[in-house]
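*Asks:* all I have is the shape, not the residue letters:
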């Protein structure tokens, strides 16, 4: 019996393994969508945002625009690669990643600080308190959606930042 010895496969870094199954254009499109969802959810936040922070709707608006910008630069770099576009892509993804992490923390704090009234039944005489309870539930639903989209955007921006920084180091 003869045994053939095979060499083990070379060890790859995590960014090399990511590029083997991740298409940067698809990741950029998904990132753009997460940013657009945040921009769209800024509209209802303008009306029902937390009372202690009246300008809170600006946060998802700015973070969404940053995330869309980062994804757009990745898409532009994939179509027409250049060093300046790659530098802009890396910078915008790192900035949007930091902004998304800050927004994630602020969304968590604002969800915890929402005022809760006791549940209202159909025969309640306190209609104003019941309507505020419904507004609070609606606000919590929107903040939860923003939290989920922001968490997904953090993951995508981490991946895109790692890929663009790696590409900058190799060139």
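*Replies:* Noted; the coordinates are in hand. If you're wondering where the values come from, they're calculated on a predicted model, not measured in any experiment.

*Asks:* pLDDT below threshold where in this protein?
*Replies:* 1-5, 7-21, 49-53, 116-129 (pLDDT under 70).

*Asks:* elements contacting the lengthiest helix in it?
*Replies:* If you go by DSSP state H, the chain has its longest helix at helix 127-170. Packing partners of helix 127-170 (3 or more CB pairs under 8 Å, 6 or more residues apart in numbering; DSSP states H and E): helix 14-21, helix 24-48, helix 58-79, helix 83-112. The C-beta positions use only the backbone N, C-alpha and C, and glycine is treated the same way.

*Asks:* from residue 23, how far out is residue 162?
*Replies:* 15 Å (CB to CB, to the nearest Å).

*Asks:* between those two, which is the more surrounded one?
*Replies:* Under the neighbour definition other CB atoms under 10 Å, residue 162 and residue 23 were set side by side, and residue 162 has more, 17 against 10.

*Asks:* return the distance of the more buried one relative to residue 168.
*Replies:* For residue 162, the distance to residue 168 (CB to CB) stands at 11 Å.

*Asks:* which residue is nearest the centroid of the chain?
*Replies:* Central residue of the chain (CA atoms, centre = their mean): residue 153, 2.3 Å from the mean position.

*Asks:* before we move on, the earlier item: what angle do the longest helix of the chain and helix 24-48 make?
*Replies:* Between helix 127-170 and helix 24-48, the angle comes out at 150 degrees (axes from the mean of the first three to the mean of the last three CA atoms, to 10 degrees).

*Asks:* now do helix 127-170: distance to the chain's middle.
*Replies:* Put simply, helix 127-170 sits 5 Å off its chain's centre (CA atoms, centre = their mean, to the nearest Å).

*Asks:* quick one: contacts for residue 34?
*Replies:* Going by CB atoms under 8 Å, 6 or more residues apart in numbering, residue 34 touches 67, 149-150, 152-153, 156.

*Asks:* so the residue nearest to the centre of the chain touches residue 100, yeah?
*Replies:* Yes - here residue 153 lies in contact with residue 100, judged by CB atoms under 8 Å, at a distance of 5.1 Å.

*Asks:* give me the common contacts of those two.
*Replies:* Counting by CB under 8 Å, 6+ apart, the residues touching both residue 153 and residue 100 are 63, 67.

*Asks:* residue 167 touches residue 86, doesn't it?
*Replies:* Yes - Residue 167 is within contact range of residue 86, at 5.9 Å (criterion: CB under 8 Å).

*Asks:* now residue 55: phi and psi?
*Replies:* Note on residue 55: backbone dihedrals following degrees, to the nearest 10 are phi -100, psi 30.
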